[in-house]
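> have a look at this fold, sequence not included:
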């Protein structure tokens, strides 16, 4: 299993990194402060699965120069012992094929420490001379099915006794918050909310709001409120993944045809819809995770929404797609105000992530490494029990849908589809959690004939029936 670590290079003043640009790949790269003067030379490439990133400020060349040929081999001219870091942008998972004269290791940086699809290549040199590191794409091969015995032996498996399950759930919710948010929930501060824009639609008004989620962190949200409101209306928190604009609250989702147009669907049918910005892939808070930052931004966005007289604080649900589905699972586990949810096209197994998904070009934002050792996905989902939750899958989504048509696969992204047997093994555990709580009817599994998206009609029917039932 890949481990994810923060990259915190210490740079010494008064030294310079020089980046030579012999071809068109990196025009205009400038100098950066570094530990020791060094040179990166990039030869023109055709089909390499990675490229050096000379402009990235995390690069450190310590006592050496380096060049890259068009076969994926890095050559080091070592002037003295040192520790270097090279940032690589990859189009496929990378492996070290060979190394000589140096000690090298790869670490992913798409957990927010470097950026999407970026690796850190750490190189340690012990004596003057020459060294090489050859990198290649990890071979594409179909993923093996996870054995039942291995799955059952996971460390996070919850107990069969209801009272023990309640204790387990409390413990793991606290542990989840601690891992995501550097020890747990931070202290809330004044929102300092400012409406920066109002956009009129036929059946609702959409406002854009800037707010403070932490002392040194601001964010943006979109909130739609139905026109001619009579009384308080239910609130849907909507969370997008990589399919929408990264780092922004995406107003396009409030129009039909957008991948996240469940925003529009609910807004046009009398719900207030809240969409905080997510997917900024630069980690801002030391010790946090990307999912922790986005989850906390969403929790604070709810604070703003429920402060308004039009919003019913007792009728709050969440809907998330893809990575947004994982964020929705966090809200269901960690915020008691969120009473129900729809999770679109994401719940699987960490085994599926590691065996069948090519990361990169897929991006898991580091979460499979951060949670994978101690919280399996089905147990993550069980943290929501007994809240009503619908899990959706599109039959044309070969990435996540169990038993999907393999001809729909893009082998650069996925090596094989999720076996139905493995899916049933995973989802039966979520069912066990709800069954143990006497609320199995609160759990819904829905397959539709679309791709990687939420079926709006089914989501609305599920959540709106809960609202009507509790009025």
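Alright, I've got the coordinates. In this text the structure is predicted, and so the values were computed from the model without any measurement.

> residue 135: neighbour count?
Residue 135: 24 surrounding residues under other C-beta atoms under 10 Å. For every residue, glycine as well, the C-beta is placed using N, CA and C.

> and residue 281, by the same measure?
21.

> what does it show for phi and psi?
The phi and psi torsions at residue 281 (degrees, to the nearest 10) take the values phi -90, psi 20.

> SS state for the nearest residue to it once chain neighbours are set aside?
Leaving aside its chain neighbours, residue 281 sits nearest to residue 116 (5.0 Å; criterion: C-beta to C-beta, 6 or more residues apart in numbering). Counting by DSSP: H, G, I helix; E, B strand; the rest coil, the backbone at residue 116 sits in coil.

> check contacts around residue 116.
Each residue near residue 116 by C-beta atoms under 8 Å, 6 or more residues apart in numbering is listed here: 110, 281, 360, 363.

> just flag the most distant two among these.
Greatest spatial distance in the contacts of residue 116: 281 and 360, 11.9 Å, computed using C-beta to C-beta.

> mutual contacts of those two, please.
Taking C-beta under 8 Å, 6+ apart as the contact rule, residue 281 and residue 360 both touch 110, 116.

> let me know the pLDDT of the spatially most central residue of the chain.
Central residue of the chain (C-alpha atoms, centre = their mean): residue 365, 4.0 Å from the mean position. At residue 365, the pLDDT value in this model is 95.

> equivalent analysis for the one 10 residues further on, please.
We note a pLDDT of 98 for residue 375 in this prediction.

> about what we covered before: where's the residue nearest to the centre of the chain relative to residue 174, distance?
Distance of residue 365 to residue 174, computed by C-beta to C-beta, to the nearest Å: 22 Å.

> same thing with residue 252?
Distance from residue 252 to residue 174, by C-beta to C-beta: 37 Å.

> what do you get for residue 314?
25 Å.

> ranges for the helices of the stretch 201-350 of the chain?
All helices of the stretch 201-350 of the chain, identified by DSSP state H, counting those that start in this stretch, fall at 262-267, 290-306, 323-334, 350-356.

> let's have the ones you listed in TSV, adding mean neighbour count, distance to residue 123 and mean pLDDT.
Formatted as TSV, those follow (neighbours: other C-beta atoms under 10 Å; distance: least, C-beta to C-beta, whole Å; pLDDT from 0 to 100):
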stretch	mean neighbour count	distance to residue 123	mean pLDDT
helix 262-267	26	46	98
helix 290-306	23	26	98
helix 323-334	26	32	98
helix 350-356	21	26	96
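
> and of those helices, who's closest to residue 382?
helix 323-334 (9.0 Å).

> after the helix or strand containing residue 423, next one along is what?
Per DSSP states H and E, residue 423 falls inside helix 420-436. Of the helices and strands lying after helix 420-436 in sequence (DSSP H and E), the nearest is strand 443-448.

> could you list every helix and strand that that following strand packs against?
strand 389-394, helix 420-436, helix 456-469 (3 or more C-beta pairs under 8 Å, 6 or more residues apart in numbering; DSSP states H and E).

> for that strand, what is the average pLDDT?
Regarding strand 443-448, the rounded mean pLDDT is 98.

> quick one: that strand to chain centroid distance?
Offset of strand 443-448 from its chain centre (C-alpha atoms, centre = their mean, to the nearest Å): 23 Å.

> quick one: mean pLDDT for the helix ranked longest in the chain?
With secondary structure taken from DSSP state H, the chain has its longest helix at helix 162-180. What helix 162-180 shows for mean pLDDT is 97.

> so for it, what gets flagged as buried?
Neighbour counts over helix 162-180 (16 or more other C-beta atoms under 10 Å) mark 165, 168-169, 172, 176-177, 179-180 as buried.

> can you put those in TSV and add distance to residue 404?
Output for these, formatted as TSV (distance: C-beta to C-beta, whole Å):
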residue	distance to residue 404
165	32
168	33
169	32
172	30
176	29
177	34
179	31
180	30
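
> shaky segments in the stretch 351-471 of the chain?
Applying pLDDT under 70 to the stretch 351-471 of the chain picks out residues 468-471.

> try it again with 80
Counting by pLDDT under 80, the stretch 351-471 of the chain contains low-confidence ranges at 467-471.

> pull the number of nearby residues for the closest residue to residue 263 other than its chain neighbours.
Spatially, and ignoring its direct neighbours in sequence, residue 263 is nearest to residue 253 (4.0 Å; C-beta to C-beta, 6+ apart). For residue 253, the neighbour count with other C-beta under 10 Å is 26.

> ditto for residue 358
Neighbours around residue 358, by other C-beta under 10 Å: 18.

> what sits against residue 355?
Neighbour list for residue 355: 143-144, 146, 415-416 [criterion: C-beta under 8 Å, 6+ apart].

> and for residue 386?
434, 437-439, 442.

> filter those to the buried ones?
By 16+ other C-beta under 10 Å, these give 434, 437, 442 as buried.

> closest one of those to residue 198?
Once C-beta to C-beta is applied, the member of the buried ones among the contacts of residue 386 that ends up nearest residue 198 is residue 442, at 37.1 Å.

> which residues touch the residue lying closest to that closest one once chain neighbours are set aside?
Excluding the flanking residues, the one nearest residue 442 by C-beta to C-beta, 6+ apart is residue 388, at 4.2 Å. When contacts are counted by C-beta under 8 Å, 6+ apart, residue 388 touches 339-341, 442-444, 462, 466.
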